[in-house]
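Chemist: Here is my input; please provide its structure:
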Amino acid sequence: MKKKTKAYKIITVALFAAMLILLPVLTFVTMPSDPMPFSENENRLLSAFPTVSFETFRNEKLMKGIEDWFSDRFFGREQWIKLRNASERLEGKTCINGVFTKNDRMIEIWSGFSEEYVGKNLKAMNSFALKYPDISMYFLLAPTSQGVYSDMFPAGAPIGSQAAMLDFCRENLPDIQTINVIPTMKMHADEYIYYRTDHHWASYGAYLAYYDAAKAMGFKPSEIGEFDIEHASDSFRGTLYSKTLDDSVTPDIMDYYHRRRDKGIELTVNNGDKVTTSDSLYFREYLEVKDKYSSFLGPNAPYIDIKTGVDGPQLLIFKDSYAHALIPFLTSHFSRITVLDMRYINNGCSQYVNVKDYDSVLFVYNAITFSEDRNIRKLNQG
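Modeler: Numbers count the residues shown, from 1 in each chain. Coordinates of the predicted model:
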């Protein structure tokens, strides 16, 4: 085994040495005509070649720009990354680029949370709740797959406890009811509740969270048999695949749950630059690209408003992208659902809504995002 590992290392070093010699030439020869092509795999624009001038040379932006451009554009970039990651797996590594892979499943690795950092987010939420004492407020801290499948990691692995984080949040949110969906998710761990190649929960996992949330919020949840389930795609490879490019893990299935007695949806998305309207919760054009998860309500946007045709109260949601698969279930109970993403709002929520217009507020964040994101602290600005 040691001889094989040594041979793999020698081959890897030789390949990367050849890459260092050949790639600059091949990159310039095959440079695309599009100055800023989009990387579908990474869901971002690649770096453009920098402006060449005395000023950019003097302030070192030229060299930094060339470095970024070459890093993004070198010939066969994704194939080389895939080869490097494959060589690491052959050496026995199960963790690559922050992703743990085992039993046909990728799991985003999370080492834990800072009580001081998370405490500041909770303080902002409490301050917000105190401003609106007549509005019922709830916090759903969604576990990521690590929070459900932590027993898959080797003994002593340096991973954080999402259950402990949930307890900390509950203890420090006296004016907001915390919804614990972890026991339910663990009870259904053998079912298809998380994507294999993406960091989000799958539609059935979102349904289970909705079921617990409905009971906590005081309304009767819809049973699974009340929905028609559409298998929208069986070729989804998500964010964790983008980090590993591991083709050995089975692509994911994406399901849409449809209300049978749908009275009509009026959905409005304001992304800051333009307003888009739709009569569906699903943007099917995203099924044709890699970022298929954006077919749930569209890509992240500052403001989404949904009129459901249902007679009921109004709900305001503060969220990250985990909420996108959850919201279709909530439309059965509210006449209007307004969704705000504070990552894209700079001056507090008052620029989009009057909070007093709503009967309930629901915060939906996955454990990793909530432990790292400070944008929720902008709640009380403006």
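Chemist: drop to CA atoms for contacts and neighbour counts, all remaining ones
Modeler: Noted.
Chemist: Give the buried residues for stretch 231-247.
Modeler: Neighbour-count burial for stretch 231-247, with 16 or more other Cα atoms under 10 Å as criterion, is recorded at 232, 236, 237, 238, 239, 240, 241, 242, 243, 244, 245, 246.
Chemist: Go through those residues and flag which are in helices.
Modeler: Using DSSP state H, 239, 240, 241, 242, 243, 244 are the members of those that sit in helices.
Chemist: what about the residue nearest the centre of the chain, which helix or strand?
Modeler: Centroid-nearest residue in the chain, with Cα atoms, centre = their mean: residue 321, separated by 5.1 Å. Under the assignment given by DSSP states H and E, residue 321 is not contained in any helix or strand.
Chemist: ok, it touching residue 302?
Modeler: No: using Cα atoms under 8 Å, residue 321 makes no contact with residue 302, being 11.5 Å away.
Chemist: Take the ones in helices among the buried residues of stretch 231-247 and write them to a markdown table, including distance to residue 265 and pLDDT.
Modeler: Listed next are those as a markdown table, based on distance: Cα to Cα, whole Å; pLDDT from 0 to 100:
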| residue | distance to residue 265 | pLDDT |
| --- | --- | --- |
| 239 | 29 | 94 |
| 240 | 32 | 95 |
| 241 | 33 | 93 |
| 242 | 33 | 89 |
| 243 | 36 | 89 |
| 244 | 38 | 89 |
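Chemist: Please identify which of those is nearest to residue 112.
Modeler: residue 240 (18.8 Å; Cα to Cα).
Chemist: coming back round to it: what residues are up against the residue nearest to the centre of the chain?
Modeler: 300, 365 (Cα atoms under 8 Å, 6 or more residues apart in numbering).
Chemist: Which phi and psi values does it adopt?
Modeler: phi -70, psi -10 (degrees, to the nearest 10).
Chemist: Partner strands of the helix or strand hosting residue 230 and their direction?
Modeler: Residue 230 belongs to strand 227-236 when assigned by DSSP H and E. Here strand 227-236 has these sheet partners by DSSP bridges: strand 252-259 (antiparallel).
Chemist: Quick one: name whatever helix or strand follows the strand it pairs with.
Modeler: strand 266-270.
Chemist: residues making contact with that following strand?
Modeler: 275-281, 301-308.
Chemist: One more: stretch 352-370?
Modeler: In contact with stretch 352-370 (Cα under 8 Å, 6+ apart) are residues 110, 118, 132, 135-144, 162, 165, 303, 313-323.
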